[in-house]
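**Student:** here is a sequence with its predicted model. Questions after.
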Amino acid sequence: MFEVKQVKNSNGDDVIVAQLTDLEKYLVTKVETLHENGKLEFDTRFGKKLWLCTLGDKGGSEFKLCLALGNVKVPNSAYHLVPLGMFTDDESVTAVTTHLSHTIEQLNNLKGLVVTLDGVQEYLPAVHFLGGDMKFQYQMIGHSGASSKKSCMFCLTEKRTIGEYVRNTQCHQRIDADYSSDSKNGTNSIYRGSKFVFEQTGVQYITPPSLHICMGLAQRYGFSVLLDMATDLDIRANIRIDESKSKALRSAKKMFSTNQEQCNDLEKHLDSLGILLDVMRRFQAHSIVLSKVQVAETSHGVCAGKWSPEDTEVALDLEPDWTCLKCSGRRGAVIIDDAAKVIEEVKDRLDELKNKLKESENSYETLKHAIDGKGSKRMELHSVWARLGVDMNAHKKDFCGNHVMKLLEEAAIEQEDCKKMCAAITDDVGDKRVGCGTAPQASKIFSDWRISRAWPSDFRPAVYSTWTMGPT
C-alpha cells in the first residue's frame, strides 16, 4: 500500500519518505465501504460529488500530507483522513514536491472515481479543496506569506491592521489567471515561477483554517485582553505606573541596577576610609607595622583631607594645588577625629542607600512577578479556566484549538464563576472591551443557525458588493 524509501536531501542528510502507491484504488475502497456502512453523504444542492480536501502539516520531525473526505458528518476525524505520504525533512514547497512527487501526480490526475454503489457503477466527480494552516496554503500556491505587502490570498488589498479595516470597501478579487500572470512577473506578493502544487484546486476552493482564525481572534480580542486587565490589577495593587507595563519593568530594573551600583561604590569607598583611618592611628601611635592592609582606592587628595566621595571625585582633577594637612595646621587627633566624622557620615549615607536599594528591588520583583502572570488576579483567572478543563501554553501564553473551543462554548461562558471573574476584572479596571453579556451574545450570533438565517438577507449582499471581479 505504501512505498517507503530512504533518500538524501540537498544538505546530504538522510530522509525517510513514505508514499501511498495507488491513491485511486484506496479511495474507491474507502468510498464504497463508507456507503455500505451508511456513512457516505451527498449534498442535495451539489449532487453526487466527492469533496476532497488536501491537508499538510509538520509535527515533530515528520511532515504529513493527507486527504480529508468531506462526504461524511465529521470530515476532520482521523477515521476519515486518507494518508498520502510523509517524510522526515523540512516543510518547504521544494521538499514537498521533491519527496512526494508521485503522490502529488496522482492527486493532480484525480478528476473523479468510478465506484459501485448498491450494485451499480457510478462516476463521482471530485471537487478538490486546499486546507491546512495558512503557512501550508501560502507555500502550496506560491504566495510569499502573511508578512508580505499584499498578504491576502483572495484579494489584492495591501496589508493593514484590523483597526484600519472599513466594511464594504471594494477590492480586486484574485482569480486563477491573476496567480498565473503574477507568477510570470513576480508581482503582487507571488513568487516568480511559482505555480499551484495541487493543480485541481482553484483559488475559490482554498479553505481558510477556521479554527486557527477563531483561535487568533479569541486570543487577541478576548483572552489576552482579560489577561492584561488581570495583570494591571495585580500591578495596581502594589505599584503605581504611568507608562506601559514593559517600559515600567525596564525603568524599575534600571533603577534597581543604578542603586545597586551606587551602593557597591559607596561600600568600597567606606572600606578604603576605614583602612586610611587605621593607618593614621598607627602613625599617631608611632607604629610602623602594617600587615594585610590594602587601600582599595588612592588619590593625591587623601593627604589633603579629601575623604568623602564628593571630595575624592574633585581631588581626581589635577588642576588644583592641594595643601597638605600639616601645612593647613591640622595634625594629630584633629585629623583622626575629622576622618572618623567623615566615615560616620558615609555610613549614614550607605544605610539610606541600602534602604533605597531594597525598595527598588521590591518594586522590580513585584512588577516582574505580576507581569510574569504570577499575581493573585492572574492566578485566579487561570484557576477559573482550569476548572473548565483548559490549560494555557506555558511558553506562548495562549491556548490550543480544542481548549479555545471549550472556552467559547456558551455553557462555559455562562458558568457563574467565569462570569463573576470577568465582571470583577472589567469593573475594577474600568475597561468594557470584554463584557460578560457580550460573549454569550456573540456566541449566539455566530451560531450556525443564526448565520444560515442571516445569510440571504445580511451577509450575501455585503460579500458580493465587496468584490470587484477581475477578468474572467
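**Tutor:** Sure, I can see it.

**Student:** can you give me the buried ones in stretch 367-378?
**Tutor:** Within stretch 367-378, the residues that count as buried by 16 or more other C-beta atoms under 10 Å are Leu367, Ala370, Ile371, Gly373, Gly375, Lys377, Arg378. For every residue, glycine as well, the C-beta is placed using N, CA and C.

**Student:** so the last one sits right up against Asp232, yeah?
**Tutor:** Think Arg378. No. Counting by C-beta atoms under 8 Å, Arg378 stays clear of Asp232, with 10.1 Å between them.

**Student:** inside helices: which ones of the buried residues of stretch 367-378?
**Tutor:** Among the buried residues of stretch 367-378, the members falling in helices (DSSP state H) are Leu367, Ala370, Ile371, Lys377, Arg378.

**Student:** the residues you listed: which two are farthest apart?
**Tutor:** Pairwise distances across those peak at 14.4 Å for Leu367 and Lys377 (criterion: C-beta to C-beta).

**Student:** quick check: next helix or strand after the helix or strand hosting Val384?
**Tutor:** Val384 belongs to helix 376-387 when assigned by DSSP states H and E. Using DSSP H and E, the next helix or strand after helix 376-387 towards the C-terminus is helix 401-408.

**Student:** ok so, going back, as TSV, the ones in helices among the buried residues of stretch 367-378 with distance to Asp338 would be great.
**Tutor:** Output for those, formatted as TSV (distance: C-beta to C-beta, whole Å):
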residue	distance to Asp338
Leu367	43
Ala370	49
Ile371	49
Lys377	56
Arg378	56
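
**Student:** tell me the one of those residues nearest Asp22?
**Tutor:** Using C-beta to C-beta, those come closest to Asp22 at Arg378, 54.6 Å.

**Student:** now do the strands in the stretch 101-250 of the chain.
**Tutor:** Under the criterion DSSP state E, counting those that start in this stretch, the stretch 101-250 of the chain carries strands at the ranges 112-117, 120-130, 171-172.

**Student:** including mean pLDDT, could these go into CSV?
**Tutor:** Output for the strands of the stretch 101-250 of the chain, formatted as CSV (pLDDT from 0 to 100):
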stretch, mean pLDDT
strand 112-117, 94
strand 120-130, 95
strand 171-172, 88
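
**Student:** do you know how far the nearest residue to Lys184 once chain neighbours are set aside is from Thr98?
**Tutor:** Leaving aside its chain neighbours, Lys184 sits nearest to Arg192 (7.5 Å; criterion: C-beta to C-beta, 6 or more residues apart in numbering). Distance of Arg192 to Thr98, given as C-beta to C-beta, to the nearest Å: 19 Å.

**Student:** what's near enough to touch Gly145?
**Tutor:** Lys135, Tyr138, Ser151, Ser189 (C-beta atoms under 8 Å, 6 or more residues apart in numbering).
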